[in-house]
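[1] Just need the structure, nothing else, for what follows:
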Amino acid sequence: MDSTIAPGTLNIPQIIRSETRLRETTYRLIISQLFYDGHQQLAVSLSNLLQTSPPCPPSDRLTHIVRLGLKAEEELEQARKATVVVSDNVQDIGLDFDYQSDSPITSPDAGSYETFYVTAHKAPCRAAAFDITGSIIATGSADASIKILDVDRMLIKNSFGLDYAPSSVEPAMDNHPVIRTLYDHADEVTCLDFHPYDPILASGSRDYTIKFFEYAKPTTKKSFRSINEVDQIRCLSFHPSGDWLIVGTQHPVTRLYDVETGRCFVSTQSQDQHTKAITCVKWAPNGKQFATSSKDGSFKVWDGVTNRCINTFDGAHNGEEVCSVMFTKNSKYLLTSGKDSQVRLWELSTARCLIHYTGAGTLAKQEHRATCVFNHTEDYIFYPDEKATSLCCWNSRNAERQRLLGLGHNAPVKCIVHSPTAPAFVTCSDDHRARFWCKRTLFTD
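    Below you'll find the model as predicted:
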């Protein structure tokens, strides 16, 4: 067999060897710098741990390399700013550990939010979603209903009082933030997602159906399309193009639907699939891959083109059920939560956990599933503490705990979704209520 590597073909073993040598050189430079700076005991300990050979002499080379690297990085950044139109909106930056951010965090932590509006269903509320503009919210309940709420109307209602609004405002707000209530499911609404471009809402239910609503039409009460499944729908997510929909059910096999035709596709490889019910599905913002989590204690990353599993993270949360997955805006990292009451950030390129966010669930073991989310700038991570009925908040870059926020619910919060564009979020609880939260200055400023 010809072992010659064709031009343009990746030589994987060579790449691995090169990366290994690079890391060995980096470790040696660190040890030499520690000797040079007088930290002999630390340098010896690290040298023994890494078993470096030959011994590393004292050297200041690492400092010079870093100085040159920082200068080159600064020049590249200046060149990028000169050729690329940079958005004034800080939320477009997102979380990226490949670039050192010296900018102070301007977005609010959880302690800065307050309830602006509360809507009640007739049964536990366990699903919610924002549209891509952050101006419309949908909530779903075990009473089989879906409510569509207008964010601007909720802000106005709160600002001028629940029972009063100036005459100049009243016609525009049509007297109520709930602009539509949809009834077409026969059982609990378990998941919701807005189409990225068209005014369409997809919903999944325990009644084994996926339904599509044209929520912008004032006369809409029922769905205009429906897909029947063989098991209870647990989660769904639109592709960024809106052409595809991934669906997770009580069955462990992940479904990929063509939105236009309704055709269903599944991986032909049985080893790709989970072994228990799927708890969450999410497309990456770049549309190239999607992630699924399961009651089997794992989460998987899939190729969005071939519909094949490309990586499985078994025992991601100490063997406990993985409750939610969420990509960062650059699609480089994945945020997960589990029934071990921990939140973790994973780097997909290296398939490793970068940061553990701990401190939730200290009062008692978590019993119910709960989701974790980034705020709109990805500076903070929000996660509801089941027993404390409060919202935990961490700095996403260093896992530093922030102020807690009392959520005011009388039962577990099983769903939280954050606005993609503003400091606002929604919490859904088994106390039948959905609360809309935002930073006070969002409206008064």
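[2] how about low-confidence regions in this protein?
    1-19, 77, 79-93, 100-103, 160-175, 361, 363-364, 441-445 (pLDDT under 70).
[3] which residues in it form helices?
    Secondary structure of the chain, counting by DSSP state H: helices at 12-36, 40-50, 61-83, 151-160, 170-173, 441-444.
[4] Mean neighbour count and distance to Asp379 added to these, as JSON lines?
    Heads up, the C-betas are built off the backbone N, CA and C, glycines and all. What follows is the helices of the chain, written out as JSON lines (neighbours: other Cβ atoms under 10 Å; distance: least, Cβ to Cβ, whole Å):
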{"stretch": "helix 12-36", "mean neighbour count": "14", "distance to Asp379": "29"}
{"stretch": "helix 40-50", "mean neighbour count": "14", "distance to Asp379": "32"}
{"stretch": "helix 61-83", "mean neighbour count": "11", "distance to Asp379": "20"}
{"stretch": "helix 151-160", "mean neighbour count": "19", "distance to Asp379": "21"}
{"stretch": "helix 170-173", "mean neighbour count": "13", "distance to Asp379": "32"}
{"stretch": "helix 441-444", "mean neighbour count": "12", "distance to Asp379": "16"}
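[5] Let's have those in CSV, adding distance to Thr119.
    Below are the helices of the chain laid out as CSV (distance: least, Cβ to Cβ, whole Å):
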stretch, distance to Thr119
helix 12-36, 52
helix 40-50, 56
helix 61-83, 44
helix 151-160, 9
helix 170-173, 15
helix 441-444, 18
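[6] List the beta-bridge partners for Tyr113.
    Taking DSSP bridges as the rule, Tyr113 bridges to Lys439.
[7] how near is it to Gln402?
    Applying Cβ to Cβ, to the nearest Å, the value for Tyr113 to Gln402 is 11 Å.
[8] of the two, who's got more company?
    Higher neighbour count among Tyr113 and Gln402: Tyr113, with 24 against 18, using other Cβ atoms under 10 Å.
[9] Ramachandran coordinates for His195?
    phi -60, psi 140 (degrees, to the nearest 10).
[10] Neighbours of it, how many?
    Number of residues near His195 (other Cβ under 10 Å) recorded here: 21.
[11] Likewise for Val305?
    9.
[12] right, and it touches Phe290 too?
    No. Using Cβ atoms under 8 Å, Val305 is not in contact with Phe290, being 10.8 Å away.
[13] Mind checking the helices of the chain for the one nearest to Thr328?
    Among these, helix 61-83 comes nearest to Thr328, with 19.7 Å by Cβ to Cβ.
[14] What lies in contact with the closest one?
    By Cβ atoms under 8 Å, 6 or more residues apart in numbering, the list of residues contacting helix 61-83 from outside reads Leu29, Ile30, Ser32, Gln33.
[15] Roughly how far does the nearest residue to Ser107 once chain neighbours are set aside sit from Asn395?
    Distances taken as Cβ to Cβ, 6 or more residues apart in numbering put Thr377 closest to Ser107, at 4.4 Å, once the chain neighbours are dropped. For Thr377, the distance to Asn395 equals 12 Å [Cβ to Cβ].
[16] In terms of neighbours, single out the busier of those two.
    Thr377 (20 against 16).
[17] What's the end-to-end length of stretch 421-431?
    End-to-end distance of stretch 421-431 (Cα to Cα, to the nearest Å): 28 Å.
[18] Kindly report the same for stretch 247-261.
    End-to-end distance for stretch 247-261, by Cα to Cα: 15 Å.
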